[in-house]
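> Below is the sequence, then the predicted model.
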Amino acid sequence: MENKDNSNMVIIDEKEYKIEDFDKEQTYHVTQIRDLQAKAADLRFQLDQLTTAEKAFTSLLVKSLTSEEESKTDKE
């Protein structure tokens, strides 16, 4: 389902529909789909944040281990 004008039109299988012409059940389904699309987008956003944070912490760990090994080598 694709939104057209973000509120009163949807495109399904390349056909445009006016939501105002839908019955209550169809309108409810559109509301559910839009909510699920918003939640999926939010989860993708959160996953991007988590992936970036994981990479940053991994980089910090590798850097600290490398520094530790260099300190041990310098002492020898």
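Great, that's in hand.
> In this structure, which residue is most central in space?
The residue lying closest to the centre of the chain (C-alpha atoms, centre = their mean) is residue 44, at 1.3 Å.
> Spit out the contact partners of that residue.
Applying C-beta atoms under 8 Å, 6 or more residues apart in numbering to residue 44 gives no contacts. C-beta: built from backbone N, CA, C; applies to glycine.
> Could you check how far it is from residue 18?
Going from residue 44 to residue 18 by C-beta to C-beta, to the nearest Å gives 29 Å.
> what does residue 61 give?
Relative to residue 18, and taking C-beta to C-beta, residue 61 is found at 55 Å.
> which ones are touching residue 32?
By C-beta under 8 Å, 6+ apart, the contact list for residue 32 is empty.
> I'd like the average pLDDT over the helix or strand harbouring residue 34.
Per DSSP states H and E: residue 34 is located in helix 24-75. Helix 24-75 carries an average pLDDT of 93.
> Tell me how far that helix lies from the chain's centre.
9 Å (C-alpha atoms, centre = their mean, to the nearest Å).
> same question, stretch 11-25
The chain centroid and the centroid of stretch 11-25 are separated by 26 Å under C-alpha atoms, centre = their mean.
> Any buried residues in that stretch, and which?
By 16 or more other C-beta atoms under 10 Å, the buried positions in stretch 11-25 come out as 17, 19.
> Quote the end-to-end distance of that stretch.
Terminal residues of stretch 11-25 lie 17 Å apart, using C-alpha to C-alpha, to the nearest Å.
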